[in-house]
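K.L.:
Sequence first, predicted model second:
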Amino acid sequence: MNIHRTFWLLTSAVFILILLPKLVQDGMFLDGITYAAISKNLANGLGNFWSPQYTLSIDPVFHSHPPLVFFLQSQFFILLGNGIYTERIYTVITALITVAGLLIFWTSLTKGKESNRYNWLIVLLWITIPIVAWSYKNNLLENTLGILTLFSVYLIVRSFQSSKVTYLLFSSSLIFLAFLSKGPVGLFPLATPLIYSISYHNKINSKSLLYFFIQIFILVLSFGILFLLSAESVQSLSSYFKIQIFPALEFELNGLESRFYIVFELLLELALPIIIITIILIKTRQLDRFKKILMKKEAIFSLLTGLSASIPILLSGKQARLYFIPSIPFFIFFFGLLIVPFIKDAAKRLSNYEIKWMQYISWLSLLIIIIYTMSCAGGYSRNKEMIQDIHKIMTIVEPGSRMQVSNELMEDYYLVAYCIRIADISLQTQKSEYLLIKKQQKKEILISENYFEYDLNLTNYKFYRSSASPVLE
């Protein structure tokens, strides 16, 4: 029986279990809500590519990130509408495209070898990395960035394998797009020609230097053409550097004592494959064989590429695990190359009877997980009461309106994000026709004029409308 088909069933079940139950429910991490709101606004004609809009009062011109991902996601809002599943469909598609990239790249690394058939292991290891699973459940920019960097590195490798410089044109274009997705963190593939040469030839040769400078030239040329054609792009990216990049180089380390704290975080993310390798070494005691695999060119290349994508994070005072996401596929290739030879040995010892039962269990698991996922649809993964209250408020407040809140509520960034994402309501502390306060808060501390309270049966808030409104129900 085909053991690989069995494990693909298992991998599919794990993939669905990790991602979909959360994605079919309402509620998301703050950044993901914010990015969805900006994309939705762009789709609805609020802002433009170089000047996207968050709310009317907070970042009416949003320059905290480059705009490409917002534009791409806005196309999904144009096609699918403003419902909560639009950004979720987008993030699932980015996950599936990344899976395709993993499979294509793994085939390139293991071309002509039996290890190629163990591509399911790569996908399984990748989706079980905690920060990977979390990012795709929360609509992060890194989901799109990871696609662009993964394929750009792959195309550079293909240019070496085929000696076709044309691949560099496409890889450089993807690096350019990666920058427009998340900034300088998307530039690490530029080092790939040098890493490839070191890994496969033990030195930096003339061909790798040529490829490196060709990439730099194409990238600089791309920016030159962009800035020449669009003065707005210069202003947008300049604002981005002032808001995000320069402060990141100057900030204190979020209270941390060392920049190397983030290295420990990376090891925690990679704990599962590290544990698997440790168990394998303890059980097999084949240290010499492990060392030989470790010194293979493909393994060295994968490890160095992963490090090239993650080590630059040490330069920034703003450190977070999500910045590792583009580097994870390359670490997974590295660990996959180490683990697969031992997995092959174990697979050969399985009988057809055992494989048959594993297949039955995998099918049953997949069916149960699909049913469980369907049962989660329409529920809430977080912020249930807040989301329900906003849906009630939007029955009174028209889209595009402003609503007054206290300074305290203005600092409730989830409330700000959900109001603009769900109801197109911008919160502000200035007086407005509409007023929202906490139930335990006295409205007099906010306003002096008369407001009428609407009984919307809200859980956490009280809603008021000005007596000066032309219509009061």
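P.N.:
Yes, it's here.
K.L.:
what sits against Pro341?
P.N.:
For Pro341, the contact set (C-beta atoms under 8 Å, 6 or more residues apart in numbering) comprises Ser115, Arg289, Ile293. Yep, even glycine has a C-beta here, placed from its N, CA and C like the rest.
K.L.:
nearest residue to the second one other than its sequence neighbours?
P.N.:
Think Arg289. Among residues not flanking Arg289 along the chain, Pro341 sits closest, at 7.4 Å (C-beta to C-beta, 6 or more residues apart in numbering).
K.L.:
Can you tell me who Gln428 pairs with across the strands?
P.N.:
For Gln428, the beta-bridge partners under DSSP bridges are Gln404.
K.L.:
Is it in contact with Arg402, as I believe?
P.N.:
Yes: between Gln428 and Arg402 there is a contact under C-beta atoms under 8 Å: 5.3 Å.
K.L.:
what is in contact with those two at once?
P.N.:
Leu56, Ser57.
K.L.:
picking up where we left off before, using JSON lines, lay out the contacts of Pro341 together with pLDDT.
P.N.:
Shown next, in JSON lines, are the contacts of Pro341 (pLDDT from 0 to 100):
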{"residue": "Ser115", "pLDDT": "83"}
{"residue": "Arg289", "pLDDT": "83"}
{"residue": "Ile293", "pLDDT": "84"}
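K.L.:
For this structure, which segments count as strands?
P.N.:
Here the chain has its strands, by DSSP state E, at 47-48, 51-52, 402-404, 426-428, 434-438, 451-454, 461-466.
K.L.:
for these, which one sits closest to Gln25?
P.N.:
Nearest to Gln25, of all the strands of the chain, is strand 461-466, at 22.2 Å by C-beta to C-beta.
K.L.:
And the contacts of the closest one?
P.N.:
Here strand 461-466 has contacts from 389, 393, 396, 432-439, 441, 443, 449-454, 456, 472, using C-beta under 8 Å, 6+ apart.
K.L.:
do stretch 299-313 as well
P.N.:
For stretch 299-313, the external contacting residues (C-beta under 8 Å, 6+ apart) are 109, 149, 153, 184-185, 188, 191-192, 195-196, 198-200, 262, 266, 293, 319, 323-324, 326-328, 330-331, 333-334, 337-338.
K.L.:
Contacts only, for the residue nearest to Leu237 when sequence neighbours are not counted.
P.N.:
Closest residue to Leu237 apart from its sequence neighbours, by C-beta to C-beta, 6+ apart: Pro66 at 6.8 Å. Residues counted as contacts of Pro66 (C-beta under 8 Å, 6+ apart) are Phe179, Leu180, Ser181, Lys182, Gly183, Ser236, Leu237, Tyr240.
K.L.:
try Gln286
P.N.:
Each residue near Gln286 by C-beta under 8 Å, 6+ apart is listed here: Phe342.
K.L.:
measure it to Ile275 for me?
P.N.:
Taking C-beta to C-beta, to the nearest Å as the measure, Gln286 falls 17 Å from Ile275.
K.L.:
Helices of the stretch 101-250 of the chain, residue ranges please.
P.N.:
Here the stretch 101-250 of the chain has its helices, by DSSP state H, counting those that start in this stretch, at 119-127, 130-137, 141-162, 166-182, 192-201, 206-229, 231-240, 246-250.
K.L.:
Present those helices as a markdown table; the columns should include distance to Leu350 and mean neighbour count.
P.N.:
Output for these, formatted as a markdown table (distance: least, C-beta to C-beta, whole Å; neighbours: other C-beta atoms under 10 Å):
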| stretch | distance to Leu350 | mean neighbour count |
| --- | --- | --- |
| helix 119-127 | 15 | 23 |
| helix 130-137 | 28 | 22 |
| helix 141-162 | 32 | 24 |
| helix 166-182 | 40 | 22 |
| helix 192-201 | 34 | 21 |
| helix 206-229 | 43 | 15 |
| helix 231-240 | 53 | 16 |
| helix 246-250 | 50 | 12 |
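K.L.:
I'd like those as JSON lines, with distance to Val14 and mean pLDDT appended.
P.N.:
Shown next, in JSON lines, are the helices of the stretch 101-250 of the chain (distance: least, C-beta to C-beta, whole Å; pLDDT from 0 to 100):
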{"stretch": "helix 119-127", "distance to Val14": "6", "mean pLDDT": "96"}
{"stretch": "helix 130-137", "distance to Val14": "10", "mean pLDDT": "96"}
{"stretch": "helix 141-162", "distance to Val14": "18", "mean pLDDT": "96"}
{"stretch": "helix 166-182", "distance to Val14": "27", "mean pLDDT": "96"}
{"stretch": "helix 192-201", "distance to Val14": "30", "mean pLDDT": "95"}
{"stretch": "helix 206-229", "distance to Val14": "36", "mean pLDDT": "95"}
{"stretch": "helix 231-240", "distance to Val14": "37", "mean pLDDT": "94"}
{"stretch": "helix 246-250", "distance to Val14": "35", "mean pLDDT": "75"}
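K.L.:
quick one, which of the ones you listed is nearest to Lys22?
P.N.:
Between Lys22 and those, the tightest spacing by C-beta to C-beta is seen for helix 130-137, at 4.5 Å.
K.L.:
Can you name the residues that contact the closest residue to Thr166 other than its chain neighbours?
P.N.:
Distances taken as C-beta to C-beta, 6+ apart place Ser159 nearest to Thr166, at 7.8 Å, with adjacent residues excluded. Ser159 makes contact with Val165, Thr166, Tyr167, Leu168, Ser171, Tyr211, according to C-beta under 8 Å, 6+ apart.
K.L.:
quick one: low-confidence ranges for the chain?
P.N.:
1, 250-260, 315-318, 442-449, 468-473 (pLDDT under 70).
K.L.:
With adjacent residues omitted, what lies nearest to Ile156?
P.N.:
In space, Ile156 is closest to Thr192, 4.3 Å off (C-beta to C-beta, 6+ apart).
K.L.:
What's the separation between that neighbour and Phe151?
P.N.:
Using C-beta to C-beta, Thr192 is found at 12 Å from Phe151.
K.L.:
Could you do Gly81 as well?
P.N.:
Noted for Gly81: a distance of 29 Å to Phe151, by C-beta to C-beta.
K.L.:
Repeat that for Tyr200.
P.N.:
From Tyr200 to Phe151 the distance is 20 Å (C-beta to C-beta).
K.L.:
Gln244 against Ser64, yeah?
P.N.:
Yes: using C-beta under 8 Å, Gln244 is in contact with Ser64, at 5.7 Å.
K.L.:
For the two, indicate the residue with more neighbours.
P.N.:
Per other C-beta atoms under 10 Å, whichever of Gln244 and Ser64 has more neighbours is Gln244, with 17 against 13.
K.L.:
show me the contacts for that one.
P.N.:
Residues counted as contacts of Gln244 (C-beta under 8 Å, 6+ apart) are Ser64, His65, Gly183.
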